[in-house]
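> Below: sequence and its predicted model.
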Amino acid sequence: MNTYERVKQKLGALLSDTDRKVIALTGLWGIGKSHLWKDLLKTSADKKVKSAIYISIFGAKNIEEVKTRILKNRFLNDTSDTTSDTKNPIDKIKVISNKFFSTPFVKAFGKGAHSWLNKSFGVTLTEASLILLPTFINNKLIVIDDIERCGETLKVGELMGFLNEYSETHQNQFLILLNTDKLHEPGKWEELHEKVIDAEVVLNPTSKECFEKAKGHDDFSQENAVIDAICILEIKNIRVIKKIIGHVKGIAAEFDVSKLPTQFWVPSIALLTAISYRADENLPTIKYIRSYTRLRKFMESSNSAETKDPNEIKWSQPLSRLGLSYTGDFEKFFADYLETGLLEEDKLRDFFAILNEEAKNQAAIDQKDDFLNSLQWDSHVSDSELLATAESLMEFIPDMTLQTNSQILEAIEELKDTNLEANFISKLEEHLGSPKFNIKTVSETTLVTVVKLHPKIYPKMMELHNAAFPPLDLYDAIHRVEFGDITDISVRKALAQSTKEQYKEKLKALDKNKLEVFFRSHFNLMRTDSLLQDFETGKNNFIDACSDIVKSEQNSRIAKIITRAFNDNGQGDKLRMV
């Protein structure tokens, strides 16, 4: 029996207990409290439950408005036999009207009651009816929903008085549905609970149970992926889960995703939809997701006034569990859709086409993994069989990463087939020189690994790398550092390959405006802790060059400028230390 069934069973038992006058069903917004009541109404055999008066007091401004809503629903929802066979809405209104005007008060004064009451006592028929409300609803079960969403002018104290009066004096039983965390009067729930509530049932289903309520009867192939995502994010708002399901089904119907792992797109839909519909106040913002990457590489000045959002650590945990390492094109496209309502269909179609192309190569990747595993552990396979497998993998060289190709080549070297090794290297170099290969996607770490493992392809790799990332002029590199462009390989290469003599030449050649930028950027580097080695090299060459100029050309203008700049920036001791 799931949580909903257990709570419904408990609620039915409490409602059948006449000593329980005011019963509270509490739980978060969107968790299914109203749905549970409607389900109980359908299945209960209790006449009191079947004839209950249900109202929502969303936006109600005072207790009179609450009473008016009860009065209206008392007649409009009456299911007695006088209206049960009435199909035409107009006829039903007539029946209800006749019933109302046959009540003792109105019947006594006839249809002129309204004008007579107003003229004699200054009250309307509605006001007079409210006076007689106890007569109309005596012994009835009244269900009051959305208490936490009532107008701010309706005080909890008024509601407590109403519940207490009608339960004690008029034998009414009440079931109130509310989210206790969102009452607009802090601390009032405790008072309400202590003075009025006879019993409370808390509805706290699991995310998976909420999913089952949201899904309905239609199964879909991405169900498990959606369940996993909402459980990680702890989403229990049924309305939001329905939105997530709708978005997932929409993408699946519109785009070719049937052969793709759901991990590529379903968790992102769940996350972004939950954020968009504010399913949980602990979720990150769309702005944060747009720039999210688990591996952020940046330098921070030790005296920087900028502080990180304290929520980032909290936010990163569910993102990591979702498997979201960074924000890619899909997340950006879908975030745009949620914000504008416009889906970039062509871009998404291209995106999924790329993913499908990569998925086609999964068989080759699996074959590579099996080959390497067999090489290491299978004592029943021969070298010739392993070499045949390695040769079959050559056709997939363009579709595999450099690291994967490197692993296969290393295996061929271990098996000592020089002809196959030469052919593999030739095919790999051909691929490296083709338009399909983009050297800019190769990290420096991978490049070093390739160079270390395979010196025979070193010249080709360095030729490509130098062409793609030519060293910048020293000033241009420092100018980019000034504006935060510190990850550019060309910038880092210029500083890593710089010399003291290059710095001396540049210091003497720059005009006044560029010289100011040059000094300011280097002083910022000097104040930065834990510099990457490339920047450390550039910084040290700058200090050495400045010190040489001051020592050898102490009366020159540039020497005086250097000395003053170092002193003004509190770095004068570095000139003396070198």
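Cool, got the structure.
> which helices and strands does the host helix or strand of residue 242 pack with?
Per DSSP states H and E, residue 242 falls inside helix 238-254. Helices and strands touching helix 238-254, by 3 or more CB pairs under 8 Å, 6 or more residues apart in numbering; DSSP states H and E, are helix 207-215, helix 223-233, helix 266-276. Backbone N, C-alpha and C define where each C-beta goes, glycine included.
> right, so of these, which gets closest to residue 66?
helix 207-215 (28.5 Å; CB to CB).
> in the closest one, what counts as buried?
207, 209-215 (16 or more other CB atoms under 10 Å).
> Tabulate those residues in CSV, adding columns for distance to residue 415.
Output for those, formatted as CSV (distance: CB to CB, whole Å):
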residue, distance to residue 415
207, 51
209, 56
210, 56
211, 51
212, 54
213, 59
214, 56
215, 53
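> Looking at those residues, spot the one nearest residue 28.
residue 210 (9.9 Å).
> is it true that the closest one touches residue 235?
Yes. Using CB atoms under 8 Å, residue 210 makes contact with residue 235 at a distance of 7.5 Å.
> Export only the CA atoms of the helix ranked longest in the chain, formatted as CSV.
Taking DSSP state H as the criterion, the chain has its longest helix at helix 533-552. Extracted C-alpha coordinates of helix 533-552, given in CSV (Å, rounded to 0.1, in the frame of the first residue of the first chain):
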residue,chain,number,x,y,z
GLN,A,533,53.6,27.7,-14.4
ASP,A,534,53.2,29.6,-17.8
PHE,A,535,52.2,32.8,-16.0
GLU,A,536,54.9,32.2,-13.3
THR,A,537,57.5,32.1,-16.1
GLY,A,538,56.3,35.3,-17.6
LYS,A,539,56.2,37.1,-14.3
ASN,A,540,59.7,36.1,-13.4
ASN,A,541,61.1,37.2,-16.7
PHE,A,542,59.4,40.5,-16.3
ILE,A,543,61.0,41.1,-12.9
ASP,A,544,64.4,39.9,-14.1
ALA,A,545,64.2,42.2,-17.2
CYS,A,546,63.2,45.2,-15.0
SER,A,547,66.0,44.6,-12.5
ASP,A,548,68.6,44.3,-15.3
ILE,A,549,67.5,47.6,-16.8
VAL,A,550,67.5,49.4,-13.5
LYS,A,551,71.0,48.1,-12.7
SER,A,552,72.6,48.7,-16.1
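> can you list the residues that contact that helix?
Helix 533-552 is contacted from outside by 299, 477-478, 481, 486, 492-496, 498-504, 507-508, 522, 525-526, 528, 531, 556, 558-559, 562-563, 566, 574-575, 578, using CB atoms under 8 Å, 6 or more residues apart in numbering.
> Phi and psi next, for residue 142.
When read as degrees, to the nearest 10, the backbone of residue 142 gives phi -120, psi 120.
> just residue 56 next, same as before
According to degrees, to the nearest 10, residue 56 has phi -110, psi 140.
> what's the answer for the one 10 residues further on, then?
With angles defined as degrees, to the nearest 10, residue 66 shows backbone torsions of phi -60, psi -50.
> Contact partners for it?
Neighbouring residues of residue 66 by CB under 8 Å, 6+ apart: 55, 57, 60, 144, 154, 159, 162.
> Mind checking the pLDDT average for stretch 530-542?
The pLDDT scores in stretch 530-542 average 88.
> Of the helices and strands packed on helix 238-254, flag the one that's most buried.
Among those, helix 266-276 has the highest mean neighbour count (mean count of other CB atoms under 10 Å), at a mean of 24.
> to the chain's geometric centre, what's the distance from that one?
5 Å (CA atoms, centre = their mean, to the nearest Å).
> Pull it out as PDB, backbone CA atoms only.
Taking Å, rounded to 0.1, in the frame of the first residue of the first chain, the C-alpha atoms of helix 266-276 are listed here in PDB:
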ATOM      1  CA  VAL A 266      16.100  13.700 -19.800                       C
ATOM      2  CA  PRO A 267      17.900  14.900 -16.600                       C
ATOM      3  CA  SER A 268      18.400  18.300 -18.100                       C
ATOM      4  CA  ILE A 269      14.700  18.600 -19.000                       C
ATOM      5  CA  ALA A 270      13.700  17.600 -15.500                       C
ATOM      6  CA  LEU A 271      16.100  20.100 -13.900                       C
ATOM      7  CA  LEU A 272      15.300  23.100 -16.100                       C
ATOM      8  CA  THR A 273      11.500  22.500 -15.900                       C
ATOM      9  CA  ALA A 274      11.600  22.200 -12.100                       C
ATOM     10  CA  ILE A 275      13.600  25.500 -11.900                       C
ATOM     11  CA  SER A 276      11.300  27.300 -14.400                       C
END
